[in-house]
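Q: have a look; sequence and predicted model below, questions after that.
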Amino acid sequence: MENTLKPLRDGESVLDLSPRSCVGGGVEDVYGEDRATEDQLVTPWTFSVASGYSLMRDPQYNKGLAFTEKERDAHYLRGLLPPVVSSQQLQEKKLMHNIRQYEVPLQKYMAMMDLQACIHPPTHHCYMILATSYLSMMLFCGQQERNERLFYKLLIDNVEELLPIVYTPVVGEACQKYGSIFKRPQGLYISLKEKGKILEVLKNWPERSIQVIVVTDGERILGLGDLGCQGMGIPVGKLALYSALGGVRPSACLPITIDVGTNNEKLLNDEFYIGLRQKRATGKEYYDLLHEFMSAVKQNYGEKVLVQFEDFANHNAFELLAKYGTTHLVFNDDIQGTASVVLAGVVAALKLIGGTLPEHTFLFLGAGEAGTGIAELIALEMSKQTKAPIEESRKKIWLVDSKGLIVSSRVNSLQHFKKPWAHEHEPVSTLIEAVKVIKPTVLIGSSGVGKTFTKEVVEAMTANNKIPLILALSNPTSQSECTAEEAYQWSEGRAIFASGSPFDPVEYKGKVYYSGQANNAYIFPGFGLGLVMSGAIRVHDDMLLAASEALAKQVTEENYKKGLTYPPFSDIRKISANIAANVAAKAYELGLATHLPRPQDLVKYAESCMYSPLYRNYR
């Protein structure tokens, strides 16, 4: 007797498995419309005896002890589970208890990754798949229980506790040790060996309806440098946040690592390294591979798939964004996402430090993709407010790189992305000198070098300003320009401080100080959701400004009283819905949206599109 598994959507009784609903596997095929992130609850295989065991081993559909008595009978699970029927809430309580027992953060990371899915089961050509091949794939992925919905339920309900585990700062250590802790594949690995066959490789991925791709080449992972193929932890972590915080359904997310080699000698000599053992490809060989990749993505997934570039080195990041920004839906989180979240924090901080944005003077330590990206978006917002040319707004923003203050006398030796910031001024060789002569009201660190906001620097900022705004943005924690404790102590409690990595509250002279976290996770999940739900075909700078504006508005009076310039992460899904609505509204306004007609209430529509990790009932 053949058993067809039919997980039910809310209010739905039967979901057929005709070729129409299986071939292509897209949301549009199944529901007759292209809902942005609607969860596609179709089990695309047909089994007999093996079906119950396979259902339990499939992370998309596994519920563990939460399978009901009826489900156990209907899907041959009787005897495969202990007799107790548990709730998802009790499972969550048990797992959080277990995770908290680990004292080493990396162990917590590994426990979370063990719970998450490896790869999704095939949703295309389903009528051709044999039970044996599917079971082989499940065995290949490992025997530990994986439960996708429980993973996301844990992450959503405990986001402030688990965000530093599944993403920065712990993900940095995970990438450094990825070869040693590697258990099962997550995402696609495209190396130089696949040159000429990238489209074929993309078609090997079992999901057809992909809405968001996060891709890295591993050359500049956080502030840790070239980690080669082991940078895969970043796309995997980012996409976990896309689903948990932004509500993009997990099956629509695809993490990809482009492996062109590594210049990290330690990795090249590591017997457990999982990538190509060669020096990095550069020049034509590199760009030809990337071009083949971008062309194949568009051919395979269409024009509306979002490609997020992640942790590419400066010399490639700007060129890739410029090259494909006019032909693809692309977004660089290090350049644009960081800029948007920092601008939001600065705008919110104005209520605490006073003045308007154009009245402030900014000094950056770090003139790479993050620093110049933030600077440009701040200049754009200044120009929007003053109606002045952006060239005038840029004059309020100064950058310091490894050679000192960026000034006009250096212009001929500067990389192209630094040239707009080369202002008329005598050369200044150090940060402390720059603080003293420029007298900035806002100091922003994006250098990737820890301990560079010294006591002398913070004291100089405090001498120049009643309330200095200090943002130490570099990740992970070890690379932060200064700690929260240092910022508050050295400024005698006067600074408004935010950082890239989280810091605990600081007690200073009997008062508790809370620091904000300028984490890109505030922006990119909601930003991506806004692009997806509007069917946007290009990213425009005004969308980034819209995202910043929406985030800044989420900071409450209660947050301000604590000195915070960002809202709590516990409200992140509400925050993401508001950002998505603002971004989508801008896409419609600019004529870049393709999902028509425009929904009347974009916030409610965003919320309705969000993936839910609650268990479904199976008939």
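A: Sure, I can see it.
Q: checking Pro255 next. Helix, strand or coil?
A: At Pro255, secondary structure determined by DSSP: H, G, I helix; E, B strand; the rest coil is strand.
Q: surely it and Ala240 touch.
A: No: assessed by Cβ atoms under 8 Å, Pro255 is found out of contact with Ala240, at 9.1 Å. C-betas here are computed from N, CA, C, even on glycine.
Q: starting at the chain centroid, how far to the helix or strand hosting Leu267?
A: Using DSSP states H and E, Leu267 sits within helix 265-268. With Cα atoms, centre = their mean, to the nearest Å as the basis, helix 265-268 stands 27 Å off its chain's centre.
Q: any idea which helix or strand comes after that helix?
A: helix 283-301.
Q: dump that next one to PDB, restricted to CA.
A: Output of helix 283-301 as PDB, limited to C-alpha atoms (Å, rounded to 0.1, in the frame of the first residue of the first chain):
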ATOM      1  CA  GLY A 283      42.600  38.800 -12.400                       C
ATOM      2  CA  LYS A 284      40.800  37.300 -15.500                       C
ATOM      3  CA  GLU A 285      40.600  33.800 -14.100                       C
ATOM      4  CA  TYR A 286      38.800  35.100 -11.000                       C
ATOM      5  CA  TYR A 287      36.400  37.500 -12.800                       C
ATOM      6  CA  ASP A 288      35.600  35.000 -15.500                       C
ATOM      7  CA  LEU A 289      34.500  32.500 -12.800                       C
ATOM      8  CA  LEU A 290      32.400  35.100 -11.000                       C
ATOM      9  CA  HIS A 291      30.800  36.200 -14.300                       C
ATOM     10  CA  GLU A 292      29.900  32.600 -15.200                       C
ATOM     11  CA  PHE A 293      28.400  32.300 -11.700                       C
ATOM     12  CA  MET A 294      26.300  35.500 -12.000                       C
ATOM     13  CA  SER A 295      25.100  34.600 -15.500                       C
ATOM     14  CA  ALA A 296      24.200  31.000 -14.300                       C
ATOM     15  CA  VAL A 297      22.300  32.400 -11.300                       C
ATOM     16  CA  LYS A 298      20.200  34.600 -13.500                       C
ATOM     17  CA  GLN A 299      19.500  31.900 -16.000                       C
ATOM     18  CA  ASN A 300      18.600  29.300 -13.400                       C
ATOM     19  CA  TYR A 301      16.600  31.400 -10.900                       C
END
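Q: can you pull the buried residues of it?
A: By neighbour count with 16 or more other Cβ atoms under 10 Å, helix 283-301 contains the buried residues Tyr286, Leu289, Leu290, Glu292, Phe293, Met294, Ala296, Val297, Lys298, Asn300, Tyr301.
Q: from Val171, how far off is the fifth one?
A: If you measure Phe293 against Val171 using Cβ to Cβ, to the nearest Å, the figure is 23 Å.
Q: do the same with the third one
A: From Leu290 over to Val171 the distance is 24 Å, taken as Cβ to Cβ.
Q: what of the first one?
A: Distance of Tyr286 to Val171, computed by Cβ to Cβ: 25 Å.
Q: how about the buried residues of helix 283-301 in a markdown table, adding pLDDT?
A: Formatted as a markdown table, the buried residues of helix 283-301 follow (pLDDT from 0 to 100):
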| residue | pLDDT |
| --- | --- |
| Tyr286 | 98 |
| Leu289 | 98 |
| Leu290 | 98 |
| Glu292 | 98 |
| Phe293 | 98 |
| Met294 | 98 |
| Ala296 | 98 |
| Val297 | 98 |
| Lys298 | 97 |
| Asn300 | 97 |
| Tyr301 | 97 |
